[in-house]
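Participant: this one's structure only:
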């Protein structure tokens, strides 16, 4: 009977949030510092010893074929 009485008391009171100090979120004393930016590493490269790539048939790749005329 005691369990039934306790259950009815809890139902009448409703659910509540624990308010004990043990359950509270601790207060932060000092804000953390902002994240630092990563250092950008810039390296300048010398041009290649043999020069840049120059394909010999570059003109043939971009050759435009003549358009066909439409039949009238």
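Facilitator: That came through fine. These figures come from a predicted structure and were not determined experimentally.
Participant: going forward, measure contacts and count neighbours with C-alpha atoms only.
Facilitator: Fine.
Participant: flag the shaky bits of the chain, pLDDT-wise.
Facilitator: In the predicted model, the chain carries pLDDT under 70 at residues 1-12, 55-56, 58, 61, 71-72.
Participant: quick one: the strands in it?
Facilitator: With DSSP state E, there are no strands along the chain.
Participant: show me the helices in this protein, by range?
Facilitator: Applying DSSP state H to the chain gives helices spanning 2-13, 58-61.
Participant: now do stretch 45-62: distance to the chain's middle.
Facilitator: Distance, stretch centre to chain centre, for stretch 45-62: 38 Å (CA atoms, centre = their mean, to the nearest Å).
Participant: and it, end to end?
Facilitator: 30 Å (CA to CA, to the nearest Å).
Participant: stretch 32-43 too?
Facilitator: 33 Å.
Participant: how far is that stretch from where the chain is centred?
Facilitator: On CA atoms, centre = their mean, the centre of stretch 32-43 falls 17 Å from the chain's centre.
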